[in-house]
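1. coords please:
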Amino acid sequence: MADYKTIHGTKVRSYTTDPDNLITGEVWYDKTNNVLQFQAAGAGSWATGGTMNTGRRSIGGAGIQTAALGFGGNSNPGSPPYSVNIDKTESYNGTGWTEVADLNTGRGYASRGSGGSQTSALHFGGTPPVTDKTESWNGTCWSEVADLNTARYNLSGAGADNTSSLAFGGIYPPGQIQAITEGWNGTSWTEVADLNTARNNLAGFGIKTSAIATTGEDPSRVSLTERWNGTSWAEVADTNAVRNGAGSCGADNTAGIIFGGHESDPAGGNVGKTETWNGTSWTEQADLSGPVYYQGQAGAGTSAAAISFGGEGSSNQMRTATEEWTNPTLTIKTVSTD
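-> The predicted structure is shown next:
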C-alpha cells in the first residue's frame, strides 16, 4: 500500500495552514501553531443495503448512494446460451430497489462507469452482438440517441449527466483491444485523445473534463491508472491490486473508489478488495462482504459514500445484494513535543 513516505520521502514540510489532498502518513510542521502534525486514517466500511429485483452482472450504474440507478447487464444461467442480456432498469432510494422503464435494447458488457444521476444518465456500447448503440435516460424512460463512432464492449466511461459524457477503452471482436476515447455533448460523439494503454474491462469514474481510467486487461490484467484532464490522458500511480472487472465511482480525477473485480495473482479469482483514490495514490480499504466480479456501481460524487450492487459472486451466482460504503474518517493529529 502506497503511503506518504513511499511517495514523497522523509522530509517534513512546513505550512501555515493544513495542506490540501492529504495522504495517509503525511507529516508536516504547522508554523502558525508551532506544532508537528500528521494524517491518520480511520477505518471505512461496507454495510448491507436493499436487495435488487433482478440479479445480474456487467450492470450499468449511475447516481449517488441514496438515489441510484441500475440498468442492463446479463445473467449466466449455466446452460446454453450461457449469457442472457437484460433490459431491466431499477431505481434505488437508499433503502430498496424499484423497477422502472426498461432499456430499448437489453445488453451486457456495456458502459459500467458512465456516470450521471438517477434522473439523467447514459448507456453505450455492449454485446452481443457488439454494438455502438447509445441510450439516454431522462428520469422516466430511455431514448435511443446518436451511436458511438466505434462499436465495442467491456468499455468504461465518466459523465455528469446525459448531456456530457466520456467513453474509453473496450474491445471489438475478435480481440481488438481499444484505446479510443470519445466525448459526448448531448447530441453526438466525437473522438478525442486515446488512452496511453489500450485495454478493456477497465474501471472508470469522473466527468467529461476530469476522469480516471484504471485497471483492466491489455490483454493481461493490469493495475495501470490514467488521469484525463479534458484534453489528454497521463499515467499516474498504479492500484495496489492487479485486476479487471472492478466497480468504481467518483466525482472527478481527484477522488474515487474501486471495488471487487477479478485478480490474477497470487490466488486469482473474484475479489472483494476496495481501494480509494485521493488524486495522488491508491489506499487499500476494507473489503466487500464477499468477492464480486463484473460489478455494477454508482457514486456519491467522491469516495466518501458509494454503492455497490449486483455482479457475479462465487460459483457464478448472479448477486442481488447491495452494499453501501462509508469513507474512513481522516484525522489530523498533533504530535507532542514535550
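2. flag the shaky bits of the stretch 151-300 of the chain, pLDDT-wise.
-> Where the stretch 151-300 of the chain drops to pLDDT under 70, the residues are 264-268, 294-300.
3. the residue most central in space within the chain: what secondary structure?
-> For the chain, the residue sitting closest to the mean C-alpha position, by CA atoms, centre = their mean, is Ser248 at 1.7 Å. Classification of Ser248 by DSSP: H, G, I helix; E, B strand; the rest coil places it in strand.
4. partners of the closest residue to it other than its chain neighbours in the sheet?
-> Counting by CB to CB, 6 or more residues apart in numbering, Ser248 lies nearest to Ala203, which is 3.8 Å off, once chain neighbours are set aside. For every residue, glycine as well, the C-beta is placed using N, CA and C. With DSSP bridges applied, the residues forming beta bridges to Ala203 are Thr214.
5. how much space between Tyr153 and Asn201?
-> Relative to Asn201, Tyr153 is positioned 9 Å away (CB to CB, to the nearest Å).
6. compare the two (neighbour count), which wins?
-> Summary of the neighbour comparison: Tyr153 and Asn201, criterion other CB atoms under 10 Å, with Asn201 having more neighbours (29 against 24).
7. who's the residue nearest to the centre of the chain bridged to?
-> Using DSSP bridges, the beta-bridge partners of Ser248 come out as Ile258.
8. right, and it touches Ile258 too?
-> Yes. Under the contact definition of CB atoms under 8 Å, Ser248 touches Ile258, with a separation of 4.5 Å.
9. give me the common contacts of the two.
-> Listed as contacting both Ser248 and Ile258 by CB atoms under 8 Å, 6 or more residues apart in numbering are 203, 214.
10. tally of neighbours for Gly269?
-> For Gly269, the tally of surrounding residues (other CB under 10 Å) stands at 10.
11. quick one: it and Pro291 touch, right?
-> Yes. Applying CB under 8 Å, one finds Gly269 in contact with Pro291, separated by 6.7 Å.
12. partners of Ile307 in the sheet?
-> Ala298, Glu324.
13. what about it, neighbour count?
-> Burial of Ile307 is recorded as 28 neighbouring residues (other CB under 10 Å).
14. coming back round to it: shared neighbours of Tyr153 and Asn201, which are they?
-> Between them, Tyr153 and Asn201 have Ile171 as joint contacts when contacts are counted by CB under 8 Å, 6+ apart.
15. what's the helix or strand containing Glu99 packed up against?
-> Glu99 is located in strand 97-100, with elements delineated by DSSP states H and E. Packing partners of strand 97-100 (3 or more CB pairs under 8 Å, 6 or more residues apart in numbering; DSSP states H and E): strand 89-92.
16. show me the strands paired with the strand it packs on, marking each as parallel or antiparallel.
-> If you go by DSSP bridges, strand 89-92 pairs up with strand 67-71 (antiparallel), strand 97-100 (antiparallel).
17. avg pLDDT for that strand?
-> The average pLDDT within strand 89-92 is 96.
18. what's the spacing between it and its chain's center?
-> Taking CA atoms, centre = their mean, to the nearest Å, one finds the center of strand 89-92 at 18 Å from the center of the full chain.
19. for that strand, output the C-alpha coordinates as CSV.
-> What follows is strand 89-92 as a C-alpha-only set of coordinates in CSV (Å, rounded to 0.1, in the frame of the first residue of the first chain):
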residue,chain,number,x,y,z
THR,A,89,-33.8,-0.7,-15.0
GLU,A,90,-34.1,-0.3,-11.3
SER,A,91,-34.1,2.8,-9.1
TYR,A,92,-32.7,2.8,-5.5
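20. which residues does the residue nearest to Phe124 when sequence neighbours are not counted contact?
-> Ranked by CB to CB, 6+ apart and with sequence neighbours excluded, the top spatial neighbour of Phe124 is Thr134, at 4.3 Å. With CB under 8 Å, 6+ apart as the criterion, the residues that contact Thr134 are 122-124, 144-148, 184, 189.
21. quick one: the helices in the chain?
-> Residue ranges of the helices in the chain, as given by DSSP state H, are 4-8.
22. and it, what are its domain boundaries?
-> When the chain is parsed into structural domains using automatic domain parsing, the resulting residue ranges are 4-41, 45-326.
23. start to end distance for the longest one?
-> In this case it means domain 45-326. Between the opening and closing residues of domain 45-326 there is a gap of 6 Å (CA to CA, to the nearest Å).
24. any idea how far it is from the chain center?
-> With CA atoms, centre = their mean as the basis, the distance from the averaged C-alpha position of domain 45-326 to the chain average is 5 Å.
25. re earlier: which of the strands paired with strand 89-92 comes out lowest on mean pLDDT?
-> When mean pLDDT is averaged over each of the strands paired with strand 89-92, strand 67-71 scores lowest at a mean of 93.
26. put the alpha carbons of it into PDB.
-> What follows is strand 67-71, C-alpha atoms only, in PDB (Å, rounded to 0.1, in the frame of the first residue of the first chain):
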ATOM      1  CA  ALA A  67     -30.600   7.900  -5.200                       C
ATOM      2  CA  ALA A  68     -29.100   5.400  -7.700                       C
ATOM      3  CA  LEU A  69     -30.000   3.700 -11.000                       C
ATOM      4  CA  GLY A  70     -29.000   0.200 -12.100                       C
ATOM      5  CA  PHE A  71     -29.600  -0.800 -15.800                       C
END
